[in-house]
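> Provided below are the primary sequence and the corresponding predicted coordinates.
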Amino acid sequence: MVDVRSPGEYQKGHIPGASNIPLFSNEERAAVGTVYVQQSKEKAIELGYKYVTPKLDWFISESKKRSRQNSIAVHCWRGGMRSKSFAQHLSENGFADVFVIRGGYKAFRKHALEAFKTKAEICILGGYTGSGKTYILKELKNKGAQIIDLEGLANHKGSAFGRVGSGEQPTIEQFENNLFWQWKDLDLQKPIWVEDESHRIGLVNIPMNFYNNMRQQPVIFLDIPRQERAQHLVNEYASVNKAILEDSIRRISKRLGGLNTQKALDHLEKNEFFEVAMITLVYYDKYYWRGLKNREHNHIYPVEIKHIDHSTNAQQILNYHESIRVQEH
């Protein structure tokens, strides 16, 4: 699949897996749009051809790199002139099967966002910070369960420390596209496990329809001792650059309080990571518990777990979830 929109349009959001072979650069697209508004459609088309003509051979060579057996699907914003002209050019230069996506990227976006309105059995995996929920999700998947790793899709761990060890986040639009790309392949009649999240994960938002569905579901809450969780965080974060950890601590300084913030920074300076984790977990545990209390009490199912063992804990959760389903039916 080839997306012929400008690089800026593609970067903001695109169909997962689609390659970008832009008909116009960002600057060229802006210039064509200006001429269209200030002069006429005919003048805009004339300028467009002026920009496109030198690139005709490049369009063919780039399309050949991305096609299978000279078969290719093309789209622009609305399936209009850009994609149709590009497709015609390919058809006239050796491509056997060329398709234009009806409605273009706009139609895909509408379809993706509508899909999140479909109700499904979403199973919420909750628990205090440091419970290893992301690792448990992966173990659930290994055991045959359906999962969506929202933090993985967002490239963020959902806290002040969320960006630690992570790369750049996708745009909100691309996050929604990537989420839909997983959602469309799941069996919505069977349980789908996701981690309990707030509406916002770093700089991206969970689509509102999907989030509302999450909020209506019961939460299986992992109750793991703070010491166990602190050690898990040490294992995960102790090798990270201390300057990044210091910045993350300062981000929650108002909530930690001046004294606790200074204690945490002093322990960090001495490489006493366990003590740092214990201090910050006091804040995170209170913060998470406040959010949990906003849910209906009978929709929270606590599971006491003594140790961090992701595979064992995943199996215990599956067993517990099955027992809940049996009781409800």
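Arrived safely.
> could you chop this structure up by domain?
2-112, 116-328 (automatic domain parsing).
> just send those domains back as TSV, with mean pLDDT and mean neighbour count too.
(Glycine included, C-beta is placed from N, CA and C.) Shown next, in TSV, are the domains of the chain (pLDDT from 0 to 100; neighbours: other CB atoms under 10 Å):
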stretch	mean pLDDT	mean neighbour count
domain 2-112	95	16
domain 116-328	89	17
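> apart from its neighbours in sequence, what residue is nearest residue 139?
Distance criterion CB to CB, 6 or more residues apart in numbering; nearest residue to residue 139, sequence neighbours excluded, is residue 314 at 3.6 Å.
> and the helices in the stretch 151-300 of the chain, which stretches?
172-183, 208-215, 226-237, 242-251, 253-256, 258-269, 273-293 (DSSP state H, counting those that start in this stretch).
> the residue nearest to residue 139: what's it in contact with?
Residue 314 sits next to 136, 139-140, 142-143 when contact means CB atoms under 8 Å, 6 or more residues apart in numbering.
> distance of it from residue 305?
Using CB to CB, to the nearest Å, residue 314 is found at 11 Å from residue 305.
> do the same with residue 235
17 Å.
> now residue 253
31 Å.
> what helix or strand is residue 42 on?
helix 41-52 (DSSP states H and E).
> got a list of contacts for that helix?
23-25, 28, 31-33, 35-36, 81, 85.
> same question for stretch 286-300.
Against stretch 286-300 from outside (CB under 8 Å, 6+ apart): 126, 128-129, 198, 215, 217-219, 221, 255.
> which ones are touching residue 191?
Contacts of residue 191 by CB under 8 Å, 6+ apart are 121-123, 145-146, 321.
> any chance of these in CSV, with secondary structure and distance to residue 288 too?
Shown next, in CSV, are the contacts of residue 191 (DSSP: H, G, I helix; E, B strand; the rest coil; distance: CB to CB, whole Å):
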residue, secondary structure, distance to residue 288
121, coil, 24
122, strand, 19
123, strand, 18
145, coil, 23
146, strand, 25
321, helix, 20
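> which one of the residues you listed is nearest to residue 71?
Residue 71 lies nearest to residue 146 out of the contacts of residue 191, by CB to CB, at 31.2 Å.
> distance to residue 229 for the contacts of residue 191 - can I get that in JSON lines?
Below are the contacts of residue 191 laid out as JSON lines (distance: CB to CB, whole Å):
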{"residue": "121", "distance to residue 229": "28"}
{"residue": "122", "distance to residue 229": "24"}
{"residue": "123", "distance to residue 229": "21"}
{"residue": "145", "distance to residue 229": "23"}
{"residue": "146", "distance to residue 229": "26"}
{"residue": "321", "distance to residue 229": "21"}
